[in-house]
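# Kindly return the folded structure for what I paste below:
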Amino acid sequence: MSSTLRSSLRLRARLSTRTAPRRFASSAPPNPSLEHAQKTAQNAYSAASKQAGYAFEKVKTAAGPLGDRICGMLGAYRAPLAYNIAVAKELLKQVYVAERLQPPLSPQTWVETYTTLFQHARNPSYWREIVNNGQWKKVGLYGIEAYTIFKIGEILGRRSLVGYKLE
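Reported below is the predicted structural model:
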């Protein structure tokens, strides 16, 4: 069986070298905007990897021996992971700025929002209205989302997926 496998691999290797596509040099003139974009990307990469290196060092010092073990386990994945985290951070920053996201700063906004929520929750006509117009699905999804976030916080708080560790 081993010889059949070897012969079929040799045949495939011969056929693949015959039918391999050939690349020819491009005769297009240099594109200054493309070069600028590449230079910007390289600068962003170097800045992100530098920041990620600082972040990993801070985590190592904050976490102590556990941080050293975790960084040691990452091995060769450390640099790509740091880069991806930095890219995600920058992307989230851009979304935050573009969507003009910000927490409400005035206490009046908080009071108005929660007053409206509690008034709706106590009003039976509101519940009839959302059942009739189909918005109960949206309210249900928001409820499930809030419950899920609460449960994830509980899991993180007790540092265990199921129950508390008793001794």
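# Where does pLDDT dip in the chain?
Applying pLDDT under 70 to the chain flags the ranges 1-30, 34, 37, 49, 56, 59-60, 63, 67-68, 164-167.
# and the gap between the residue nearest the centre of the chain and Ala82?
Centroid-nearest residue in the chain, with C-alpha atoms, centre = their mean: Ala88, separated by 6.0 Å. Relative to Ala82, Ala88 is positioned 11 Å away (criterion: C-beta to C-beta, to the nearest Å). For every residue, glycine as well, the C-beta is placed using N, CA and C.
# tally of neighbours for the closest residue to Trp110 other than its chain neighbours?
Of all residues beyond its chain neighbours, the one nearest Trp110 is Pro104 (6.1 Å), with distances taken as C-beta to C-beta, 6 or more residues apart in numbering. Here the count is done by other C-beta atoms under 10 Å, and Pro104 has 10 residues near it.
# Ok, Ala52 next?
By other C-beta under 10 Å, 21 other residues sit near Ala52.
# cool, and the one 10 residues further on?
Using other C-beta under 10 Å as the criterion, Ala62 is surrounded by 9 other residues.
# Pull the contacting residues for it.
For Ala62, no contacting residues are found, by C-beta atoms under 8 Å, 6 or more residues apart in numbering.
# Which helix or which strand is home to it?
Assessed by DSSP states H and E, Ala62 sits inside helix 32-63.
# element containing Glu129?
Secondary structure from DSSP H and E places Glu129 in helix 124-133.
# Ok, Leu141 next?
Assigned by DSSP H and E, Leu141 belongs to helix 136-158.
# Report the separation between Thr87 and His36.
For the record, residue 87 is Val, not Thr. According to C-beta to C-beta, Val87 and His36 sit 19 Å apart.
# Who has more neighbours out of those two?
Neighbour tally, Val87 and His36, criterion other C-beta under 10 Å: the higher count belongs to Val87, 14 against 10.
# which residue sits closest to that one in space, ignoring its chain neighbours?
Ala48 (6.4 Å).
# Pretty sure that neighbour sits against Leu91.
No: using C-beta atoms under 8 Å, Ala48 makes no contact with Leu91, being 11.2 Å away.
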